[in-house]
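Asks: fold the following and give me the result.
(2 chains)
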Amino acid sequence: MLYALLIYQAEEVLDNYSDEDEKAALAGHRTLQNDTKAAGRFVEANQLLPSSSATTVRRRKGQTTVTDGPFTETKELLIGLYVFDCETLEQAIDYAAQIPHSETGAIEIRPIAYYEAIEGVQVKEPQT
Amino acid sequence: MSNLELALKTAYPRARATLVRLLGNFDKAEDALQEAAARAMVHWSKHGVPDYPAAWLVRTGRNYMIDAIRRVNVEARHAETIAILSGHDNFPSDDSLLSAAIDDDLLRLIFTCCHPILPQEGQVALTLKTVAGLTVEEIGRAFLVSAGAMEKRLTRAKTKIRDRHIPYEVPAQKQLPARLDAVLAVIYLIFNEGYKALHGPDLMRLGLCREAIRLGRILARAFRREPEVSGLLALMLLQHSRATARTNDAGDVVPLDEQDRSLWNPTLIAEGRSLVEKTLRRKQPGPYQIQAAIAAVHGETTSPAKTDWAQIAVLYRQLEHHQASPVITLNRAVAVARSEGPAAGIVVLRTIEAQPEMQGYHHFHAAYAALLLEDRRPEEAKSAFGKALSLAENSRERAYLERKIETLK
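Replies: Got it, this is the predicted structure:
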């Protein structure tokens, strides 16, 4: 089953990352990505730009309204997501705990009902 | 940083903002906060970081202050202070509620620090001290004054806030644009101080740039509907994306054209560009958005030759409409020269040549010299480079100009 591991984090924590924090987080991501790739579990990884770059679209009675900002104004925001192919929820939980942001934020696991992707789309590593 | 330190660092300025409101005094808030932080180091390492670290610090700091006042002084004049502090009427008992109140306090603190009643240097110093949490020594170093002088500057600002009863609040919608402008100006000043570092030997005080960006992010999250707020954040991100490319190994300035673009930070550029695109959709352009748009045009090409200079010239023209300044005209002249040739750029420069502000500005003479050289007028170019050199203060910029003159000999 495919699982989405949604990474939630208060952005102000990221604002306070030092270079070393960033490097450590990146190293954590690399390890997880390499391990899951080796195990044939890796599907995709996405790092999102901060919520200030978010735009929210709603369609009501045929009218499209576009607002600045993320859908919810909570403190812990979606900052990225992984998709892994896991045998069990236990395995997904195990991977979630290896995401560096699980220590300062939270990871929400959501089984995927439908997944489609274009073959050969390259997933780039997050940049510092 | 450990997770504990990171949580503490993140919570610190927010807790300070709320303690300033509760205690009505910057210095008392600082004392309470330091005590709370010391206790946090012990308590958190034993029991883990609490769910709402800032609320934890506020509660602990407040309790410490109540105890301290009670212990040291039981005189009547303190009864009132104790009453305020102990009043349970508006002090949330639940940390999640307290945390929500703390969010607003950080904005209140920013607006108080940037209140128009304070001189701008006071606004900058107070913002760096109380919102960004820099030490007096750090701020003094950044602005080339002694820690003692900076301390005095801060005390004057705090005294003025107290004596003039400056309200601790986010301005009402009606005054918001003007007050927000003042806040943005302070943030951009902090950024530029780090970016330019006109006087110092080290070209970029990255710490100041980072603080400014951090403040910009706080504001951008709070004022999503104010395009200039996002504009300023975008501008800073795009300029900062070139931080490592701006100097070479020897520490010399590398002009934009000659920068190794592989050193530009693609994530910062992507974020900056997406903000520019988003804010321009609102069709309320302002100086920060336009400057960010210019930086974005630079950021979207892989080589200087491919830069859309005509587009940049148009943007500078727009910027001149918002804030007429010979420095902007100077920049337009460079863009015009790139898109239409050096002679066209020189024509634009001639329109501001007579202004005393330009006569004493080394960048003007350096730009003029570069265009004259390109227009095959080496003698005039050499003399203009010489003028630039006689005005430049930064040792690295001087080195750059000296090299240019050397090649013309």
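
Asks: so how far is stretch B:325-340 off the chain centroid?
Replies: How far stretch B:325-340 lies from its chain's middle: 25 Å, per CA atoms, centre = their mean, to the nearest Å.

Asks: and for stretch A:48-58?
Replies: With CA atoms, centre = their mean as the basis, stretch A:48-58 stands 14 Å off its chain's centre.

Asks: go ahead and name everything in contact with that stretch.
Replies: Outside stretch A:48-58, the residues within contact range by CB atoms under 8 Å, 6 or more residues apart in numbering or on different chains are A:11, A:14, A:64-71, A:77-81, B:217, B:220-221, B:224, B:230, B:233, B:267, B:270-271, B:274-275, B:278. Quick note: C-beta positions are derived from backbone N, CA and C, even for glycine.

Asks: which of the residues you listed fall in strands?
Replies: Judged by DSSP state E, strands contain the following of the contacts of stretch A:48-58: A:64-68, A:77-81.

Asks: just put those in TSV and tack on neighbour count and pLDDT.
Replies: As requested, those are exported to TSV (neighbours: other CB atoms under 10 Å in any protein chain shown; pLDDT from 0 to 100):
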residue	neighbour count	pLDDT
A:64	8	89
A:65	9	87
A:66	11	86
A:67	13	85
A:68	22	85
A:77	22	91
A:78	19	94
A:79	21	94
A:80	18	95
A:81	19	96
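
Asks: which ones among the residues you listed also lie next to chain B?
Replies: For chain B, the contacts drawn from the ones in strands among the contacts of stretch A:48-58 by CB under 8 Å from any CB of the partner chain are A:66-68.

Asks: and which of those is nearest to residue A:23?
Replies: Among these, residue A:68 lies closest to residue A:23 (CB to CB), at 31.7 Å.

Asks: next, work out how far apart the residue nearest the centre of chain A and chain B are.
Replies: The centroid of chain A falls nearest to residue A:81 when counting by CA atoms, centre = their mean (1.7 Å). Distance of residue A:81 to chain B, computed by CB to the nearest CB, to the nearest Å: 17 Å.

Asks: could you pull up the residues touching that residue?
Replies: Shown in contact with residue A:81 (CB under 8 Å, 6+ apart): A:4-7, A:45-46, A:48.

Asks: out of those, list just those in strands.
Replies: Among these, the members found in strands (DSSP E) are A:4-7, A:45-46.

Asks: of those, buried ones?
Replies: The neighbour-count criterion (16 or more other CB atoms under 10 Å in any protein chain shown) marks A:4-7, A:45 among the ones in strands among the contacts of residue A:81 as buried.

Asks: pLDDT below threshold where in the chain?
Replies: I went with chain A, as the question did not name one. For chain A, the stretches with pLDDT under 70 are A:120-128.

Asks: you answered for a different chain; I wanted chain B.
Replies: Chain B contains residues with pLDDT under 70 at B:73-90, B:196-205, B:251.

Asks: burial count for residue 31?
Replies: Assuming you mean chain A. By the criterion of other CB atoms under 10 Å in any protein chain shown, residue A:31 has 12 neighbours.

Asks: my question was about chain B
Replies: 16.

Asks: excluding chain neighbours, give the residue nearest to it in space.
Replies: Nearest in space to residue B:31, with sequence neighbours left out and distances taken as CB to CB, 6 or more residues apart in numbering or on different chains, is residue B:65 at 7.6 Å.

Asks: residue 70 - how many residues pack around it?
Replies: Went with chain A since none was named. Count around residue A:70 with other CB under 10 Å applied: 20.

Asks: please refer instead to chain B.
Replies: Here the number of neighbours of residue B:70 (other CB under 10 Å) works out to 14.

Asks: picking that back up, the residue nearest to residue B:31 contacts residue B:33, doesn't it?
Replies: No: counting by CB atoms under 8 Å, residue B:65 stays clear of residue B:33, with 9.9 Å between them.

Asks: looking at the two, which is more packed in?
Replies: residue B:33 (27 against 24).

Asks: that's a helix at the more buried one, yeah?
Replies: Yes: assessed by DSSP: H, G, I helix; E, B strand; the rest coil, residue B:33 belongs to a helix.

Asks: quickly note the distance from it to residue B:12.
Replies: Using CB to CB, to the nearest Å, we find residue B:33 at a distance of 7 Å from residue B:12.

Asks: now swap in residue B:308 and tell me
Replies: For residue B:308, the distance to residue B:12 (CB to CB) stands at 44 Å.

Asks: which neighbours do residue B:33 and residue B:12 share?
Replies: Common neighbours of residue B:33 and residue B:12 (CB under 8 Å, 6+ apart) are residue B:57.

Asks: what does chain A put close to chain B?
Replies: Counting by CB under 8 Å from any CB, the residues of chain A that sit close to chain B are A:10-13, A:15-18, A:20-21, A:49-53, A:55, A:66-69, A:75, A:103-104, A:126-128.

Asks: now list the buried members of those.
Replies: Among the residues of chain A next to chain B, the ones that count as buried by 16+ other CB under 10 Å are A:10-13, A:15-17, A:21, A:49-53, A:68-69, A:75, A:104.

Asks: so which helix or strand takes in the closest residue to residue B:50 other than its chain neighbours?
Replies: Leaving aside its sequence neighbours, residue B:50 sits nearest to residue B:56 (CB to CB, 6+ apart; 4.5 Å). Here residue B:56 sits within helix B:53-72, counting by DSSP states H and E.

Asks: list the contacts of that helix.
Replies: Contacts with helix B:53-72, where a contact means CB under 8 Å, 6+ apart, come from B:7-8, B:10-12, B:14-15, B:18-19, B:22-23, B:28-29, B:31-33, B:35-37, B:39-40, B:44, B:50, B:78, B:81-82, B:85-86, B:91, B:95-96, B:98-99, B:102.

Asks: and which of the ones next to chain B among the ones in strands among the contacts of stretch A:48-58 is nearest to chain B?
Replies: Using CB to the nearest CB, residue A:68 is the member of those that sits closest to chain B, with 4.4 Å.

Asks: leaving out chain neighbours, which residue sits closest to the closest one?
Replies: Nearest residue to residue A:68, sequence neighbours excluded (CB to CB, 6+ apart): residue B:224, at 4.4 Å.

Asks: show me the contacts for that neighbour.
Replies: Counting by CB under 8 Å, 6+ apart, residue B:224 makes contact with A:52, A:67-69, B:230.

Asks: JSON lines for these, including distance to residue B:150?
Replies: JSON lines is the format used below for the contacts of residue B:224 (distance: CB to CB, whole Å):
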{"residue": "A:52", "distance to residue B:150": "31"}
{"residue": "A:67", "distance to residue B:150": "42"}
{"residue": "A:68", "distance to residue B:150": "37"}
{"residue": "A:69", "distance to residue B:150": "37"}
{"residue": "B:230", "distance to residue B:150": "31"}
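
Asks: for the residue in chain A sticking out farthest from the centre, grab phi and psi.
Replies: Ranked by distance from the centre of chain A (CA atoms, centre = their mean), the top residue is residue A:61, with 32.0 Å. Dihedral pair for residue A:61: phi 50, psi 50, per degrees, to the nearest 10.
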